[in-house]
Structure formats: C-alpha cells, structure tokens
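Trainee: Pasted the sequence and its predicted model underneath.
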Amino acid sequence: MNAPSAALRPETGAAGPLTVAQPYLIQQDWSAYSAEQHAVWAELVRRRMPQLLEHAAQEYLDGFHQIGLREDTIPNLADVNRRLAPRTGWNATPVSGFLPPDAFFEMLGARQFPTTTYIRSRESMQYTPEPDIFHDVFGHVPMHAHPVFADFLQHYGRVCARLMGDKDRLEKMGRLFWFTVEFGVIRQNGKVKLYGSGLISSHGEGTHVIEGRPQIRDFDLDLVLEQKFLVSEEQKVLYAVESFDQIYEAAQQAEKRLA
Ligand SMILES: [Fe+2]
C-alpha cells in the first residue's frame, strides 16, 4: 500500500488533556475480572478467529498480534497501550460507558479510543446492545495500530468536533463512521475482507457478509454520506475500499465539504 506522504497526514503527536471527556474516564481493574469473565472472552475470540483468519483484512490480523491481544484472557489495557502507543500514538482509554458525542469526538481527536471495560455475560454471547470490551478492543483497537487508519480516525474526530451542533452534517459524518469504522470492508487479493468492528466482533454480521448477502458497492464518499442505515438490522449495502488511503482521503474531502 502507498501511504500518503507525511505532508498529507499532519495528525501526529499528543493532544492536550481531555476536558469534555474527563468525567467519563475510569481505571480498568484488571485483577477484578473473574475466571468466568476471562472464559467468556476466550470463547468469543475462539468463535471469531477461524472466520477472521480467512476473511479479515490483513491489517486487522497484523494489529491483533502487534498489540498483544490474547485468546485466553481479557486484555489489560495498560499492556495494550504499551505496545500500541509507540506505533501510532493511539491509546485504548477506559471509560464508564456510552459517551455523548462531544466527549467521544474529543477523545478521537486526542488519539484516545473510548473503551468499555465491562464484558457481556454468557447469556448474551451472540449480541450485546451496548458495546463491551470485546466489541471495543477485539473489534476496534487492532486497526489503530495501522498508521493510515490511525490518522484517519483522529482526523475524523477533529472534523466532527468542529461540527458539534450541526445535526445534519454530523449525521452525514456518522454515516462515514458507520460504513468504515463499524462496517467497513476492503478488497484484497480479489476478495472482500472485513475490517469494521461490527463485522469483526459479530459472528452473525461477519457471516452475513461472507455469504454475500449485502450488496457491496465501490466506496464513494457522496454515496456514503447519503446512505441511510438501521443499527438494528443486518446491513443491506456496504462500501468496499481498495486501500486505507481511501478512507483517509474521504475524511479530508468530508472536511472540505462539511466543516
Ligand atoms: Fe464500535
């Protein structure tokens, strides 16, 4: 892949301390997880990995190993960050739960990914309405080890932070997030591969794509910004990029048009 030159990717370095998001920051008490909770993590990973080894984007699989995720235990975020931060400046930062948009975008703009520490129970193995550490860390964080994706996500957060209060434009930006970060696919070696966290972390959603049920369109920013979606239904349309440079450039274009 041809990474854009540094001149095109100015998002580097640490941002100032968080202010809006500050009340939501917590510590992860890793020693408090029970054996049962680690077993739930292990089962979730084991259920996803065979499919992902064949159908996930190579960058996701590389990131999984680079940040030291393990199959058998819930990740200790301090350990993840010791590996992740030197690569791209990103951290998985523990938060208390769902964040309001301004806090969420502030954190993305500071290369801090809001990460829940709670893990679903065995009874809700297939589906959890609220993101948990499996969705957030297994699903999202490996991609943050990829330099271009890392820059894209920070830039995305900064653009959205500037659009606070503009409901229509934020809704369009929400579609860009949905069809990349959450439900993104990429063409690699002639095949459609998964990289969005909603596809990575959900066996049902991942299988839906692999079985060819959603229509896969070429990524086009104009179409994505207008593409409505339902959170509660399996996706009918997805947008495939050819490289991660494309989503970085899409965030730049979206900024020009909307911010
Ligand atoms: Fe997510």
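Mentor: Happy to help now that I have it. Note that this is a predicted model, so its numbers are computed, not measured.
Trainee: List the buried residues of stretch 70-90.
Mentor: Within stretch 70-90, the residues that count as buried by 16 or more other Cβ atoms under 10 Å are Thr73, Ile74, Pro75, Leu77, Val80, Asn81, Leu84, Ala85, Thr88, Gly89, Trp90. Quick note: C-beta positions are derived from backbone N, CA and C, even for glycine.
Trainee: any idea of the mean pLDDT for the one helix or strand Arg82 maps to?
Mentor: Using DSSP states H and E, Arg82 sits in helix 77-88. Helix 77-88 comes out with an average pLDDT of 98.
Trainee: low pLDDT regions in the stretch 1-150 of the chain?
Mentor: Within the stretch 1-150 of the chain, the stretches with pLDDT under 70 are 1-16.
Trainee: which one of the buried residues of stretch 70-90 is nearest His144?
Mentor: Trp90 (4.1 Å; Cβ to Cβ).
Trainee: so what's Leu25 up against?
Mentor: Neighbouring residues of Leu25 by Cβ atoms under 8 Å, 6 or more residues apart in numbering: Leu18, Thr93, Pro94, Val95, Ser96.
Trainee: Pull out the buried residues from these.
Mentor: Neighbour-count burial (16+ other Cβ under 10 Å) applied to the contacts of Leu25 gives Leu18, Thr93, Pro94, Val95.
Trainee: Let's have the contacts of Leu25 in a markdown table, adding secondary structure.
Mentor: As requested, the contacts of Leu25 are exported to a markdown table (DSSP: H, G, I helix; E, B strand; the rest coil):
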| residue | secondary structure |
| --- | --- |
| Leu18 | coil |
| Thr93 | strand |
| Pro94 | strand |
| Val95 | strand |
| Ser96 | coil |
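Trainee: Name all residues that make contact with the residue nearest to the spatial centre of the chain.
Mentor: Most central in the chain under Cα atoms, centre = their mean is His140, positioned 3.4 Å from the mean C-alpha point. Residues in contact with His140 (Cβ under 8 Å, 6+ apart) are Phe113, Val181, Ser197.
Trainee: Kind regards, and thank you for your time.
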